[in-house]
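Peer 1: no FASTA, just this:
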């Protein structure tokens, strides 16, 4: 069998060579490969060197004295003054790279969440049930299996075996405790209670938006999406299309494949 392997020439175009006799008979190919590796080494050294000096004044430094441009991460500066002075020359390249970084984050593939009990991937938010006792999202299959094994009159969490809350007030206490520990789902659930006035919570859309923001900052795409809606339609906040777009974009950046599809409406 005549196997093939692919190499890239200096221009980046692929070359196909045989893995048998052609390699021995093609000194030009071997030279090209060697030169390519040499060029790669030189480029890597240059890249490393450029990150050890200020992009504006050329002052030598290290990671403690030089700071990356926050938007593009391509260059470093020794001071805010140098960054400002270099801005006219760097602006175009910076915007282009920042846009590329944003697109990379926006379209990156994300692994679906797994149920903590059966470890199966969950592809839809409708298949998850949030439990305020342990803060876990459990798939509906495991919840149903637990229900079938429960004693009559008892509702027990399939993960931590805690009895379900006996009242709305107890549910709120559990959610607040989880929120204090940084649970995005707890903040999101509390926001929903305020937005609809449930479980003894007052109807307060502004408070709900504050909680949606905290949930979003902790990784909830749904919370950012709801916050975008609030600014888009003026619920609990003044209409602000710019802010709405910002939160819709953040929702897209955080969204997980098992969650609802989020579509920009602006």
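Peer 2: Alright, I've got the coordinates. Here the structure is a predicted model, which is why all the values come from computation and not from measurement. Numbering: from 1, shown residues only.

Peer 1: ranges for the strands of the stretch 101-250 of the chain?
Peer 2: 128-130, 137-139 (DSSP state E, counting those that start in this stretch).

Peer 1: now these as a markdown table including mean neighbour count?
Peer 2: C-beta: built from backbone N, CA, C; applies to glycine. Formatted as a markdown table, these follow (neighbours: other Cβ atoms under 10 Å):
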| stretch | mean neighbour count |
| --- | --- |
| strand 128-130 | 17 |
| strand 137-139 | 21 |
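
Peer 1: Columns distance to residue 172 and mean pLDDT on top of those, output as JSON lines?
Peer 2: Below are the strands of the stretch 101-250 of the chain laid out as JSON lines (distance: least, Cβ to Cβ, whole Å; pLDDT from 0 to 100):
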{"stretch": "strand 128-130", "distance to residue 172": "14", "mean pLDDT": "90"}
{"stretch": "strand 137-139", "distance to residue 172": "19", "mean pLDDT": "92"}
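
Peer 1: Compare those strands and give me the one nearest residue 198.
Peer 2: Among these, strand 128-130 comes nearest to residue 198, with 14.5 Å by Cβ to Cβ.

Peer 1: now that closest one, how far from the centre of its chain.
Peer 2: Distance of strand 128-130 from the chain centroid (Cα atoms, centre = their mean, to the nearest Å) equals 21 Å.

Peer 1: count of neighbours near residue 58?
Peer 2: By other Cβ atoms under 10 Å, the residues close to residue 58 number 9.

Peer 1: which SS class is it?
Peer 2: Secondary structure for residue 58, judged by DSSP: H, G, I helix; E, B strand; the rest coil, is coil.

Peer 1: Let me know the distance separating it from residue 78.
Peer 2: Using Cβ to Cβ, to the nearest Å, residue 58 is found at 9 Å from residue 78.

Peer 1: just to revisit the earlier point, could you export the strands of the stretch 101-250 of the chain as CSV, including distance to residue 70?
Peer 2: Below are the strands of the stretch 101-250 of the chain laid out as CSV (distance: least, Cβ to Cβ, whole Å):
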stretch, distance to residue 70
strand 128-130, 35
strand 137-139, 33
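
Peer 1: These: which one's closest to residue 73?
Peer 2: Across these, residue 73 has its closest neighbour in strand 137-139 (33.1 Å, Cβ to Cβ).

Peer 1: Give me the helices and strands touching the closest one, please.
Peer 2: For strand 137-139, the packing partners by 3 or more Cβ pairs under 8 Å, 6 or more residues apart in numbering; DSSP states H and E come out as strand 128-130.

Peer 1: Residues touching the strand it packs on, excluding its own?
Peer 2: Residues from elsewhere that reach strand 128-130 (Cβ atoms under 8 Å, 6 or more residues apart in numbering): 113, 115, 122, 136-140, 143, 185, 189, 258.

Peer 1: Can you show me the helices along the protein?
Peer 2: 21-25, 27-50, 80-106, 140-149, 168-180, 184-196, 205-217, 221-233, 241-254 (DSSP state H).

Peer 1: These: which one's closest to residue 127?
Peer 2: helix 140-149 (5.2 Å).

Peer 1: Go through that closest one and flag the buried ones.
Peer 2: For helix 140-149, the neighbour count (16 or more other Cβ atoms under 10 Å) marks 142-143, 146 as buried.

Peer 1: okay if I get these as JSON lines plus pLDDT and distance to residue 69?
Peer 2: Listed next are the buried residues of helix 140-149 as JSON lines, based on pLDDT from 0 to 100; distance: Cβ to Cβ, whole Å:
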{"residue": "142", "pLDDT": "93", "distance to residue 69": "47"}
{"residue": "143", "pLDDT": "91", "distance to residue 69": "48"}
{"residue": "146", "pLDDT": "90", "distance to residue 69": "52"}
